[in-house]
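Visitor: Structure, please.
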Amino acid sequence: VQLQASGGGLVQAGGSLRLSCAASGRTVRSYAMGWFRQAPGKEREFVAAISQSGGNTFYAESVTGRFTISRDNAKNTVTLQMNSLKPEDTAVYYCAAGSGYTREQAYTYWGQGTLVTVSS
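Guide: Residues are numbered from 1 along each chain as shown. Predicted structure coming up:
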């Protein structure tokens with residue numbers, strides 16, 4: 001499975017961005033999908049995850065109520081809608097496919113990352 005993340009960019013605090021992750025090589029409908037992020041000088045951290053069917057979603061406390069994860073298994077894509085962005089959301093965002101939900105170690109496939117910069 002190859003994952004390609006896109007949609008990052010520069011946005012002012014309070015603004016919105018929509019990240020997309022396109023999978024190729026094989027279907028990802030049998031995998032949970034997740035988004036993680038890594039800020040400069042910090043370890044990578046969990047952001048959001050969605051179950052195989054899309055019926056269950058999980059969020060880090062820091063993004064709950066602001067971010068929404070969704071998936072389209074027919075199109076082999078997963079999306080992260082980010083609203084009310086804060087400077088502390090600045091990071092490289094990675095999409096991943098696996099079985100871990102919130103556990104980074106349980107994700108098998110990773111995209112290359114897309115940079116999100118939120119200015120104050």
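Visitor: just the strands in the chain please.
Guide: Here the chain has its strands, by DSSP state E, at 2-6, 9-12, 17-24, 32-38, 45-50, 57-59, 67-72, 77-82, 91-98, 107-110, 114-119.
Visitor: can I get those in TSV with mean neighbour count and mean pLDDT?
Guide: Heads up, the C-betas are built off the backbone N, CA and C, glycines and all. Shown next, in TSV, are those (neighbours: other Cβ atoms under 10 Å; pLDDT from 0 to 100):
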stretch	mean neighbour count	mean pLDDT
strand 2-6	17	96
strand 9-12	13	98
strand 17-24	19	96
strand 32-38	24	97
strand 45-50	22	97
strand 57-59	17	97
strand 67-72	18	98
strand 77-82	23	98
strand 91-98	24	97
strand 107-110	17	96
strand 114-119	17	98
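Visitor: List the contacts of the spatially most central residue of the chain.
Guide: Centre of the chain computed as the mean C-alpha position; nearest residue by Cα atoms, centre = their mean is residue 35, 2.6 Å away. Contacts for residue 35 (Cβ atoms under 8 Å, 6 or more residues apart in numbering) come out as 19, 21, 47-49, 69, 78, 80, 93-96.
Visitor: For it, which non-adjacent residue is spatially closest?
Guide: Leaving aside its sequence neighbours, residue 35 sits nearest to residue 47 (Cβ to Cβ, 6 or more residues apart in numbering; 4.4 Å).
Visitor: mind checking how far residue 8 is from residue 86?
Guide: 15 Å (Cβ to Cβ, to the nearest Å).
Visitor: same thing with residue 79?
Guide: Distance of residue 79 to residue 86, computed by Cβ to Cβ: 20 Å.
Visitor: In this structure residue 77 contacts residue 27, no?
Guide: No: with contact defined as Cβ atoms under 8 Å, residue 77 and residue 27 do not form a contacting pair (11.2 Å).
Visitor: contacting residues around residue 102?
Guide: Residues in contact with residue 102 (Cβ under 8 Å, 6+ apart) are 34, 46, 49, 58.
Visitor: mind putting the residues you listed in TSV, distance to residue 100 included?
Guide: Listed next are these as TSV, based on distance: Cβ to Cβ, whole Å:
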residue	distance to residue 100
34	7
46	9
49	8
58	10
